[in-house]
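[1] What follows is a predicted structure for the sequence shown.
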Amino acid sequence: MELQEAMGIIEGVLFTSGNPVSIDEIAKALNTSRELVLECVKQLEIEYNKPCHGIMISKVGNSIRLTTKPDIFPHIEKIFKPKVRSQLSKAALETLAIVMFKQPITKAEIESIRGVNCEKALSTLLEKNLICEKGRLSVPGRPILYATTDECLDYFGLESIDDISID
Amino acid sequence: MELQEAMGIIEGVLFTSGNPVSIDEIAKALNTSRELVLECVKQLEIEYNKPCHGIMISKVGNSIRLTTKPDIFPHIEKIFKPKVRSQLSKAALETLAIVMFKQPITKAEIESIRGVNCEKALSTLLEKNLICEKGRLSVPGRPILYATTDECLDYFGLESIDDISID
Amino acid sequence: MALNVKIDTFEGPFDLLFHLIEKNQIDIYDIPIAELTEQYLDYIDKITENQLDLASEFLVMAATLLSIKSKMLLPSMPKQDVESELAVAEDDGVDPRRELMQKLLEYKKFKEIAMLLKKKEEKEELVFKKPPEDLSSMWTDDIPLAEITFEDLKSAFKSVMGKKKPEEKVSKITKDPMPLSRKVIEVYQKLRQKSKIFFSRLFDKKTPKLEIITTFLAVLELVKMKRINAVQEEQFGEIVLTCREV
């Protein structure tokens, strides 16, 4: 495979993934050597170094990923921060709703329902004392179980957990 | 702002978003003119046309977004799980076209436009989450009203229904 | 005429009409109805009897075409004065083809949109998109959660659960429902005890659909046997069952 062509495929793979992809996995999929992949990565880095690009390659152990360049962060923030705010309040609302109707529930279960990371939303709800930790699930890793607090029930005018129904 | 620098920022913004971003929004965030943004997009397109790139800019209405190039599709599919997307039948496409422009609409109304039973087409579209039930019409029998979902726009790479023009 | 086109390749009567209109380069705004009707009927003839299910929709259109054709043959009314002319224009003066033309034009519009969607679908299939970056760390301030109600939580829950990909369908295998004859006896015995009962009380939420149907059939059977009376005051209202004196 030609170097230029391989570079394009690697860029496409990293773009699609969003997450880090291992060098070996890329080499295998391209049916080529690890060395050629590394050479492509080097060439891509040279390419991305040009000011007309806002992305770059970051290495994470034996894997690589695409990220934005740190120097354009202020612009990214300006455009996305207002969206993050509404996204986060939506995330908090959805997360609270899931905890309310599915309690006790683990973070992993919430994330599988929402399909996205809930770290931030959970910590906000904990901070506001709307949810609390309620024991741990007895499976490997013993994940924390979350449930609503009495304060939360009170806030929504509910007497007890038994009043929670989705009809 | 210099053209090269603006190109880099636009690339970073599109990369971060994943979803389409409107030209006007970009111009506003960069504190520059729509014309300059369009010029940057043109230059980026020239850049991505090189074989060493696997990504490209797609236009979706007044917005732009990054996607992978169609010609590297087989390679990316090899690394990630293959896309299982059976194409929609002619009946399903016709039914969806009617729901798009007449929503919310009942089954009977769709059938009067198409002149045939749409039961099967509707259930296919519901299953694929391209349409959803949106309440009921308050007439005898209370027939279900159908509307398109956000996933529907995404499925066709549309920003809004207006991207498909009818006249 | 090329008759090698099978009828089931058409999406419906409008689709078939379109095929004929395009093939014969007919002006939609001035349809030669006699000619079109004849060609349409030729196609319909190809439908064999065992395709009758499919045929019904095509036959309705055939009837419509014939009706338009006959209206076209009627002599137009002589125009006496302006007043009656105006009155006539509302009704009989309208071109009998007008309604069909409008329907065809509307169908044509959606057929074209469907083709556009097909192209978009094909294009989309070959590209991959990127998931949005997780930007939550960008926000360090307090997240507003004011003014939400229990109803908001309910609808948020419903929409988030609705978004979940449908799980693999698990079909339930239920026991054979009670045979009709036994259901007839059961319903009759219940009525003998209570003399009056709502149909909806003969089963509960957990009763399988098939058994509800059997129950309904049992009621019909008992009505036929003149053992009970069934009254429904309004559409979709309750059915009240009463026992008849034997």
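    Cool, the structure landed.
[2] rest of the way, CA atoms for contacts and neighbours
    Will do.
[3] Tell me the residues on chain A that lie near chain B, please.
    A:3-13, A:15-16, A:25-26, A:29-30, A:51-55, A:68-69, A:72, A:75-76, A:78-79 (C-alpha under 8 Å from any C-alpha of the partner chain).
[4] so of those residues, which ones are in helices?
    A:3-13, A:15-16, A:25-26, A:29, A:75-76, A:78-79 (DSSP state H).
[5] Can you select the buried ones among the residues you listed for me in PyMOL?
    Listed next is the PyMOL selection for buried residues among these, using 16 or more other C-alpha atoms under 10 Å in any protein chain shown:
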select buried, chain A and resi 4+5+6+7+8+9+10+11+12+13+15+16+26+75+76+79
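[6] ok, and which of the ones in helices among the residues of chain A next to chain B reach chain C?
    A:F15, A:T16.
[7] A:Y146: which element?
    strand A:144-148 (DSSP states H and E).
[8] Does that strand pack against any helices or strands, and if so which?
    Helices and strands touching strand A:144-148, by 3 or more C-alpha pairs under 8 Å, 6 or more residues apart in numbering or on different chains; DSSP states H and E, are helix A:73-102, strand A:105-106, helix A:107-114, strand A:131-136.
[9] Could you look over those and pick the most buried one?
    Highest mean neighbour count among the helices and strands packed on strand A:144-148 (mean count of other C-alpha atoms under 10 Å in any protein chain shown): strand A:105-106, with a mean of 20.
[10] Check the secondary structure at A:S58 for me.
    strand (DSSP: H, G, I helix; E, B strand; the rest coil).
[11] Provide a list of residues in contact with it.
    A:I64, A:R65, A:L66, A:T67 (C-alpha atoms under 8 Å, 6 or more residues apart in numbering or on different chains).
[12] now do 6 Å
    Contact analysis of A:S58 by C-alpha atoms under 6 Å, 6 or more residues apart in numbering or on different chains lists A:I64, A:R65.
[13] nearest residue to the residue nearest to the spatial centre of chain A other than its sequence neighbours?
    Closest residue to the average C-alpha location of chain A: A:N117 at 4.8 Å, with C-alpha atoms, centre = their mean. In space, and not counting its chain neighbours, A:N117 is closest to A:E111: 5.9 Å by C-alpha to C-alpha, 6 or more residues apart in numbering or on different chains.
[14] which residue packs closest to A:Q103, ignoring adjacent ones?
    A:Q103 sits nearest to A:A147 (C-alpha to C-alpha, 6+ apart), 5.1 Å away.
[15] and the one you found, what are its bridge partners?
    A:C132 (DSSP bridges).
[16] A:R114 versus that one, what's the distance?
    17 Å (C-alpha to C-alpha, to the nearest Å).
[17] quick revisit: and the contacts of the strand holding A:Y146?
    A:V99, A:Q103, A:P104, A:I105, A:T106, A:L130, A:I131, A:C132, A:E133, A:K134, A:G135, A:R136.
[18] could you redo the last one with a cut-off of 7 Å?
    Contacts of strand A:144-148 with the rest of the structure, by C-alpha atoms under 7 Å, 6 or more residues apart in numbering or on different chains, involve A:99-100, A:103-106, A:130-137.
[19] Kindly provide the whole-number mean pLDDT of stretch A:18-27.
    Stretch A:18-27 shows a mean pLDDT of 90.
[20] Using neighbour counts, pick out the buried residues of that stretch.
    Within stretch A:18-27, the residues that count as buried by 16+ other C-alpha under 10 Å are A:G18, A:P20, A:V21, A:S22, A:I23, A:D24, A:I26, A:A27.
[21] unless I'm mixing things up, the fifth one is touching A:N62, no?
    Yes: proximity of A:I23 to A:N62 meets the contact threshold set by C-alpha atoms under 7 Å, at 6.3 Å.
[22] Alpha carbons only: can I get stretch A:130-138 in CSV?
    C-alpha atoms of stretch A:130-138 as CSV (Å, rounded to 0.1, in the frame of the first residue of the first chain):
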residue,chain,number,x,y,z
LEU,A,130,-30.9,15.0,45.3
ILE,A,131,-29.3,11.6,45.1
CYS,A,132,-27.1,9.6,47.4
GLU,A,133,-25.1,6.5,47.5
LYS,A,134,-27.1,3.5,48.7
GLY,A,135,-24.8,0.5,49.2
ARG,A,136,-22.9,-1.4,46.5
LEU,A,137,-23.9,-4.1,44.1
SER,A,138,-22.4,-7.4,44.9
